[in-house]
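Undergrad: sequence? don't have it. structure:
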């Protein structure tokens, strides 16, 4: 059986792509002509779903996510810009995204995390960690359980979680012929879910602050009110608890994940095609160094965690958690530790520094495009429209369920969990108060929707970072994870339906 498709004839393929692009842009201008004037309104109504629907269909038909995000964003800007200003608006939107503090943070922190991982591997720390785990995890299931447990333990931040666990456990799962799609699923299932179940995390701080600004939590009590939502964060609970059922084959692989297992069992590659483009290790196997030492793994990882926590400990406020500081200090620690041992020269250190950033570029550019698409959705009021359309179905009993379903759809489309929280919570909190719904339950439905949507979105930060860390093509990761995420979502919906009547 062939696992890699034979190369298509380039000319017909290129012509089809050009034709699709021209038709898409022409369609956008046609919609612009027949569309009413929405100037000054918070949403473009039913027209606001057009870029989202286009994006989903284009991705599934072409499997080209970069192209889909660019075209969907351009369609949104054509619809929302007067006359011939659409290209200028698109350019300005891209410039705003590139200059935003969020993207700057991502390029610095995630790019430099790639450098740290490259150095740890060059110094033999990754290999030594693999040997350390191998002595304790001698079977395929035990390796996956270790991945799951470590994912729960490193709960401070979902990026930190995914990057550390994914990059460290990849070689171990490869030894036992585990498809990279399964490793990615486990890493992704314990990143954001763990962060919303443990309050001393970046997610807890952010959501708590939003609860204060939206007049549910008193000033300074955001984290305490976030804790009230934890029992009701059903998707996070289900997402984490369901993982061992897949590890121990209690729930057998199904859907695209079953095909991934079949590929490996029949002698195919562990990684799906195209994974080398996103792999934080550059698609290269970890080579055994001359004298691998476990200290070369644990010292950088502990440095990353400790230095990230220091500002929070000094301020006695978890909101002061600074992962950027952790990354900078860890790079300095690696410089001293590795050069002092002689495991690399200064020249090799800087080679690792650059190559690690290069390995993250594909993922970082994808995230820029995802942010651009989210920005144009905000411009045309997509999330606002979806929430207000659903208000007619809002009864006190059904509100948590409806909120979870509607916001899961919007999050699946936009892929920006925190951005969705900023838009949705100012609407959901007052609505819950007006309907007499338990506010903690309603807010937890918003939080759960953000976790679920980003979990299965093909271009969300969670998907992209996890794919880079585990060395798994992000389309293959999302495609195999969607059925598993939907199973957890169905269980979650039942729980919100029951909770809506009980509370």
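TA: Received it, and whenever you're ready, just let me know what you need. Please read all numbers here as calculations on a predicted model, not as lab measurements. Numbering: from 1, shown residues only.
Undergrad: quick one, helices of the stretch 1-150 of the chain?
TA: All helices of the stretch 1-150 of the chain, identified by DSSP state H, counting those that start in this stretch, fall at 10-34, 50-62, 65-80, 86-99, 101-122, 125-136, 140-153.
Undergrad: which neighbouring elements make contact with the fourth one?
TA: If contacts are counted by 3 or more Cβ pairs under 8 Å, 6 or more residues apart in numbering; DSSP states H and E, helix 86-99 sits against helix 65-80, helix 346-380. C-beta coordinates here come from the backbone N, C-alpha and C atoms, glycine included.
Undergrad: picking that back up, which one of the helices of the stretch 1-150 of the chain lies closest to residue 401?
TA: helix 50-62 (21.7 Å; Cβ to Cβ).
Undergrad: how far off centre is the closest one?
TA: Offset of helix 50-62 from its chain centre (Cα atoms, centre = their mean, to the nearest Å): 19 Å.
Undergrad: what of stretch 165-182?
TA: 19 Å.
Undergrad: ditto for stretch 436-443
TA: Distance, centroid of stretch 436-443 to centroid of chain: 26 Å (Cα atoms, centre = their mean).
Undergrad: try stretch 154-171
TA: With Cα atoms, centre = their mean, you get 12 Å for stretch 154-171.
Undergrad: got it, and stretch 244-264?
TA: Worked out by Cα atoms, centre = their mean, stretch 244-264 lies 22 Å from the chain centre.
Undergrad: check which residues of that stretch are buried.
TA: Within stretch 244-264, the residues that count as buried by 16 or more other Cβ atoms under 10 Å are 244, 246, 247, 253, 256, 257, 260, 261, 263, 264.
Undergrad: next SSE downstream of the helix or strand where the first one lies?
TA: Here residue 244, judged by DSSP states H and E, is contained in helix 243-247. The helix or strand immediately downstream of helix 243-247 is helix 256-265, counting by DSSP H and E.
Undergrad: pLDDT on that following helix, on average?
TA: Helix 256-265 carries an average pLDDT of 93.
Undergrad: repeat that for stretch 38-57.
TA: pLDDT averaged over stretch 38-57 gives 86.
Undergrad: show me the contact partners of that stretch.
TA: 24, 31, 35, 68-69, 71-73, 75-76, 79-80, 373, 376-377, 380-382, 384-386, 388, 413-414 (Cβ atoms under 8 Å, 6 or more residues apart in numbering).
Undergrad: for stretch 328-335, same thing?
TA: With Cβ under 8 Å, 6+ apart as the test, stretch 328-335 has contacts from 112, 115-116, 119-120, 123, 299-300, 303-304, 307, 349, 353.
Undergrad: name the residues of that stretch that are buried.
TA: In stretch 328-335, counting by 16+ other Cβ under 10 Å, buried: 329, 330, 331, 333, 334, 335.
Undergrad: again with stretch 485-497
TA: For stretch 485-497, by 16+ other Cβ under 10 Å, it's 485, 487, 488, 489, 491, 492, 493, 495, 496, 497.
Undergrad: how about stretch 344-354?
TA: Under the neighbour-count criterion of 16+ other Cβ under 10 Å, stretch 344-354 has 344, 349, 352, 353 buried.
Undergrad: one more: stretch 395-402?
TA: 396, 397, 398, 399, 400, 401, 402.
Undergrad: what would the buried residues of stretch 485-497 look like in CSV with pLDDT?
TA: Output for these, formatted as CSV (pLDDT from 0 to 100):
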residue, pLDDT
485, 92
487, 95
488, 95
489, 95
491, 96
492, 96
493, 96
495, 96
496, 96
497, 95
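Undergrad: farthest-separated two in these?
TA: 485 and 497 (18.5 Å).
Undergrad: domains of the protein?
TA: What automatic domain parsing lists as the domains of the chain is 8-94, 101-227+237-364.
Undergrad: ok, which of the ones you listed comes nearest residue 458?
TA: domain 8-94 (5.9 Å).
Undergrad: where does the prediction get shaky in the stretch 201-350 of the chain?
TA: Within the stretch 201-350 of the chain, the set of residues satisfying pLDDT under 70 comprises 202, 281-289, 317-321.
Undergrad: low pLDDT regions in the stretch 351-500 of the chain?
TA: Across the stretch 351-500 of the chain, residues meeting the criterion (pLDDT under 70) sit at 416.
Undergrad: could you pull out the helices for it?
TA: 382-390, 399-414, 417-435, 439-456, 461-470, 474-502.
Undergrad: now the stretch 151-300 of the chain
TA: 158-175, 180-189, 192-197, 202-213, 222-229, 234-241, 243-247, 256-265, 295-315.
Undergrad: including distance to residue 101, could those go into CSV?
TA: As requested, these are arranged in CSV below (distance: least, Cβ to Cβ, whole Å):
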stretch, distance to residue 101
helix 158-175, 15
helix 180-189, 25
helix 192-197, 20
helix 202-213, 14
helix 222-229, 21
helix 234-241, 27
helix 243-247, 34
helix 256-265, 36
helix 295-315, 17
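Undergrad: go through these and pick out the most buried.
TA: Ranked by mean neighbour count under mean count of other Cβ atoms under 10 Å, the helices of the stretch 151-300 of the chain are led by helix 180-189, which reaches a mean of 29.
Undergrad: packing partners for that helix?
TA: Looks like helix 180-189 contacts helix 140-153, helix 158-175, helix 243-247, helix 256-265, helix 461-470, helix 474-502 (3+ Cβ pairs under 8 Å, 6+ apart).
Undergrad: okay, the ones you listed in JSON lines with distance to residue 444 next?
TA: Shown next, in JSON lines, are those (distance: least, Cβ to Cβ, whole Å):
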{"stretch": "helix 140-153", "distance to residue 444": "19"}
{"stretch": "helix 158-175", "distance to residue 444": "18"}
{"stretch": "helix 243-247", "distance to residue 444": "20"}
{"stretch": "helix 256-265", "distance to residue 444": "28"}
{"stretch": "helix 461-470", "distance to residue 444": "19"}
{"stretch": "helix 474-502", "distance to residue 444": "9"}
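Undergrad: which one of the ones you listed lies closest to residue 291?
TA: That would be, of the helices and strands packed on helix 180-189 and by Cβ to Cβ, helix 158-175, which comes in at 18.0 Å.
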